[in-house]
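Asker: starting from these lines, generate the structure:
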Amino acid sequence: MSPRSRLSLPGLVLLLAGSGMLHLARPRSYRTMVPMPLARWRSQLVAVSGIAEMACALLLGMRKTRRFGAYASASLLIAVFPANVHAALHGGYRGAAFPANSPAAAWLRLPLQGPLIWWALSFRRPS
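Answerer: Predicted coordinates:
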């Protein structure tokens, strides 16, 4: 693993773990992001996605599971993209603090998914 990867890996692990914990600690704003066809399962989806983010962080954090963690993290980021689109189309992350609750923040988050997916996939090669 390159020195650059060694420095950025903890960043991605912390980002995923922190986001996962927020899903469980403050689920309200995440529930508003769930698209309407899935609204019936809002609470469950928020909890499952939070647990999945923490699991991805753990998988990335261990050398033996890093490759699988990279693919799992990228897949999760792709899977939650519709929720980010829903939030952008519906005025932001209701219930979140400023600036996250602004429509601009929701729209700005969309193009960040690509680099986040690439970042996760950058750890798929063996160390």
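
Asker: so which elements touch the helix or strand harbouring residue 43?
Answerer: For residue 43, the element it lies in under DSSP states H and E is helix 42-61. The contact analysis (3 or more CB pairs under 8 Å, 6 or more residues apart in numbering; DSSP states H and E) places helix 42-61 against helix 3-25, helix 27-31, helix 66-79. For glycine as for every other residue, the C-beta is placed from the backbone atoms N, C-alpha and C.

Asker: could you measure from the residue nearest the centre of the chain over to residue 53?
Answerer: Centrality entry for the chain: nearest residue to the mean C-alpha point is residue 77, 5.4 Å, by CA atoms, centre = their mean. To residue 53, residue 77 is 9 Å away according to CB to CB, to the nearest Å.

Asker: ditto for residue 108
Answerer: 20 Å.

Asker: ok so, going back, leaving out sequence neighbours, find the closest residue to the residue nearest to the centre of the chain.
Answerer: residue 117 (4.9 Å; CB to CB, 6 or more residues apart in numbering).

Asker: pretty sure the one you found is touching residue 76, no?
Answerer: No. Here residue 117 lies out of contact with residue 76, judged by CB atoms under 8 Å, at a distance of 9.5 Å.

Asker: where in the chain is pLDDT low?
Answerer: Within the chain, the ranges that satisfy pLDDT under 70 run 1-5, 96, 126-127.

Asker: for the strand or helix carrying the residue nearest to residue 77, buried residues please.
Answerer: Using DSSP H and E, residue 117 sits in helix 113-121. Within helix 113-121, the residues scored as buried using 16 or more other CB atoms under 10 Å are 116, 117, 119, 120.

Asker: hey, C-alpha coordinates of it in PDB?
Answerer: The C-alpha coordinates for helix 113-121 follow below in PDB (Å, rounded to 0.1, in the frame of the first residue of the first chain):
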ATOM      1  CA  GLN A 113     -20.600  10.200  -4.600                       C
ATOM      2  CA  GLY A 114     -18.300   9.500  -7.600                       C
ATOM      3  CA  PRO A 115     -15.100  10.400  -5.800                       C
ATOM      4  CA  LEU A 116     -16.200   8.500  -2.700                       C
ATOM      5  CA  ILE A 117     -16.900   5.400  -4.700                       C
ATOM      6  CA  TRP A 118     -13.500   5.800  -6.400                       C
ATOM      7  CA  TRP A 119     -11.900   6.300  -3.000                       C
ATOM      8  CA  ALA A 120     -13.400   3.100  -1.700                       C
ATOM      9  CA  LEU A 121     -12.400   1.200  -4.800                       C
END
